[in-house]
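Trainee: output the structure for:
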Amino acid sequence: MQRELQWFQEVEHLAPGLREARNAAGKTPRELFTMEHVQLVEAGEMWMKKIAESCTIVAVLVATVMFAAAFTVPGGYKGDTGEPSYLGSSYFLIFIISDAISLLFSSTSVIIFLGLHTSLYREEDFLWKLPTKLTMGFFTLFLSIIAMMVGFSITIILMLRKGFMSIALVVIMPACFPVAFFAISQLSLVGRFCESTCGHLLHRHPKYEGSTQGWLSRFKFEI
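Mentor: Alright, predicted model coming up:
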């Protein structure tokens, strides 16, 4: 739907004098475009809501885990002072920072995807607003998963660093697989959204000239 809107804007730019013209049925170009893309708008709405629902569940799970991890720190607490046992360790500092980052980005992702659920899904929203929200939701979710994996790795190092570092590394290495899998499966989609949304709206290309002329040929304008 985004690409269709980009094409429509390009045609408007090429023929600005025909914006208010009407065809034989008495419809303007915008009215005809809206009428012919009703099903595409509905399909886009269903697809985005389905993606947003799945990603919201993942983001909520990450936020829940990292919120709980902030109070169940590795090594526990000292009985006399109540301070974390590894409070002076640089590893513990990295753990706290990664936990906070993961909680921040996962919460942000939840808010963004909930915003997709409550959007009006107007035709013009598919041009910029909805793709941008979806891209930001994916990006923040990806960052939260990375920070969660960092926190998990640091926890393993803290627990096994004395005499068992080789075992810790063996346990940590598989932690990279979820991040890599998510990147491979989703970031290509995010890249396409970024290219179509943040890049140039449309470049004329010879292979599209026929489709543009075909779209214009559906009008018999009455000037």
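Trainee: tell me where the model's unsure across the protein.
Mentor: 193, 196-223 (pLDDT under 70).
Trainee: now the most centrally placed residue in it: closest residue in space that isn't a chain neighbour?
Mentor: Closest to where the C-alpha atoms of the chain average out (CA atoms, centre = their mean) is residue 138, at 2.4 Å. The shortest distance from residue 138 to any non-neighbouring residue, by CB to CB, 6 or more residues apart in numbering, is to residue 190 (4.8 Å). The C-beta positions use only the backbone N, C-alpha and C, and glycine is treated the same way.
Trainee: can you tell me the SS state at that neighbour?
Mentor: helix (DSSP: H, G, I helix; E, B strand; the rest coil).
Trainee: quick one: it from residue 28, how far?
Mentor: Distance from residue 190 to residue 28, counting by CB to CB, to the nearest Å: 35 Å.
Trainee: with residue 110 instead?
Mentor: In terms of CB to CB, residue 110 sits 41 Å off from residue 28.
Trainee: compare these two (neighbour count), which wins?
Mentor: Between residue 110 and residue 28, counting by other CB atoms under 10 Å, residue 110 is the more crowded of the two (22 against 16).
Trainee: can you say which helix or strand has the more buried one in it?
Mentor: Per DSSP states H and E, residue 110 falls inside helix 90-118.
Trainee: name the helices or strands packed onto that helix?
Mentor: If contacts are counted by 3 or more CB pairs under 8 Å, 6 or more residues apart in numbering; DSSP states H and E, helix 90-118 sits against helix 38-69, helix 129-160.
Trainee: now that helix: buried residues?
Mentor: Neighbour counts over helix 90-118 (16 or more other CB atoms under 10 Å) mark 91-92, 94-96, 98-99, 101-110, 112-113, 116 as buried.
Trainee: same question for stretch 155-166.
Mentor: Residues 155-158, 160 are the ones in stretch 155-166 that count as buried (16+ other CB under 10 Å).
Trainee: ok, the residues you listed vs residue 181, which is closest?
Mentor: The nearest member of the buried residues of stretch 155-166 to residue 181, counting by CB to CB, is residue 156 at 19.8 Å.
Trainee: so the closest one makes contact with residue 168?
Mentor: Yes. If you go by CB atoms under 8 Å, residue 156 and residue 168 touch, sitting 4.9 Å apart.
Trainee: any shared contact partners between those two?
Mentor: Residues touching both residue 156 and residue 168 by CB atoms under 8 Å, 6 or more residues apart in numbering: none at all.
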